[in-house]
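Trainee: Predicted model, plus sequence, below.
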Amino acid sequence: MAAITYELIKKDEATGARAGIIHTPHGSFPTPIFMPVGTQASVKATSPDELRDLGANIILGNTYHLFLRPGLDLMREAGGLHKFMRWDRAILTDSGGFQVFSLGALRRITEEGVEFRSHIDGSKKFLSPEVSIAMQTALGSDIVMAFDECVPYPADREYTENSLKRTLRWAKRCKDAMKRDDQGLFGIVQGGMYKDLRADSVKGLLDIDFPGYAVGGLSVGEPKDLMYDILEYTTELLPDDKPRYLMGVGTPDCLVEGVARGIDMFDCVFPTRVARNGMAMTHTGRLVMKNSQFTHDYGVLEDGCGCYACRNGFTRAYIRHLVRAGEIFGLRLLTLHNLWFLVHFMGEMREAILADRFTEFRKSFFDNYEYRK
């Protein structure tokens, strides 16, 4: 039996939104789902127990950062990421491709792989499909991502086409390098903002055959309308019986629109990053807790929220005080709140799909959501 399988439970015919279940060696979880990002074997400011408490069933680790520190040998010695970080649920690891290609002048791409300089100490490093798979094998993640190039926006057609062809060759090399049968390798659709290249990417990946497919190269600076257009075109080409993962997206509006286009899995550093900047996420928009309007506000961050901060009555006034005073506890409260919010926000969309009211959910969300200053 394959390590990763997908069970489609219900599809919203009006939009294509899907409710399903993904089965992994470390447990099954309902979709659509948001995956908290644990870049360096830790979701910032949280413990594994806290992640379990807020309902996280899968988290993401990053191959690039773990490749640099603590490195391949130590991860093998530690027995993999689950044991190393004491996490007993599912893990997805990114291939490291996005981070490497974001280094710009610090990296050189060849057919064999990418030579780059570490952002930590400047030392020369090398990542290839085989090295990425070896690292992810040592990490022992349930879902492994193929090594690819994420082209920037904008990128001309010639560059994008050549990059895509190489990425497909790398995808085949990734599959050939896989040795463990308790891990599932996902292919990544690229092709920039060119629909015909997206179609070529999907066809090439389907020919190789993966247990799941990610849509990469979006949310890289393009207008949201263009992102949604390319996403909708791409997901319509993907098989119904495999999970679909939109990489690097985590704002509520993009999550709703991604689900509406048939995406099952999402990840992003957004909820933890904005928490460290003093921002809370709610159904009606963002709350900037440094603002003076919360000085005498003794309500919780959001009524009805079940996160640690809200259910224990920590007020907006108190959290504002902690943020302004630079107290770590304030940033932890916001982190736990934001992660709880997104995990359960995805659950609300799932329930709406199952109850045949996703269209109403989507409309109600956008009627009430705004960016607060």
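Mentor: Alright, I've got the coordinates. Numbers count the residues shown, from 1 in each chain.

Trainee: CA atoms for contacts and neighbours, from now on please.
Mentor: Noted.

Trainee: Rank the helices and strands of the chain by mean pLDDT and give me the bottom one.
Mentor: Lowest mean confidence among the helices and strands of the chain (mean pLDDT, DSSP states H and E): helix 97-101, at a mean of 80.

Trainee: Please pull up the helix or strand immediately following that helix.
Mentor: strand 107-109 (DSSP states H and E).

Trainee: packing partners for the host helix or strand of Lys165?
Mentor: Under the criterion of DSSP H and E, Lys165 resides in helix 157-177. Applying 3 or more C-alpha pairs under 8 Å, 6 or more residues apart in numbering; DSSP states H and E, we find helix 157-177 packed against helix 129-139, helix 195-208.

Trainee: Restrict it to CA atoms and write it as CSV.
Mentor: The C-alpha coordinates for helix 157-177 follow below in CSV (Å, rounded to 0.1, in the frame of the first residue of the first chain):
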residue,chain,number,x,y,z
ARG,A,157,8.9,32.6,-21.3
GLU,A,158,12.2,31.2,-22.5
TYR,A,159,13.6,31.2,-19.0
THR,A,160,10.5,29.7,-17.6
GLU,A,161,10.3,27.0,-20.2
ASN,A,162,13.9,25.9,-19.8
SER,A,163,13.5,25.9,-16.0
LEU,A,164,10.4,23.8,-16.3
LYS,A,165,12.0,21.2,-18.5
ARG,A,166,14.9,20.9,-16.0
THR,A,167,12.5,20.7,-13.1
LEU,A,168,10.7,17.8,-14.8
ARG,A,169,14.0,16.0,-15.3
TRP,A,170,14.8,16.7,-11.6
ALA,A,171,11.4,15.3,-10.6
LYS,A,172,12.2,12.0,-12.3
ARG,A,173,15.6,11.9,-10.6
CYS,A,174,13.9,12.5,-7.2
LYS,A,175,11.6,9.5,-7.8
ASP,A,176,14.5,7.3,-8.8
ALA,A,177,16.4,8.3,-5.7
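
Trainee: neighbouring contacts of that helix?
Mentor: 111, 129-130, 133-134, 146-149, 151, 185, 187, 190-192, 194, 197, 201, 204-205, 208 (C-alpha atoms under 8 Å, 6 or more residues apart in numbering).

Trainee: mind running it again at 6 Å?
Mentor: Contacts with helix 157-177, where a contact means C-alpha atoms under 6 Å, 6 or more residues apart in numbering, come from 129-130, 146, 148, 191.
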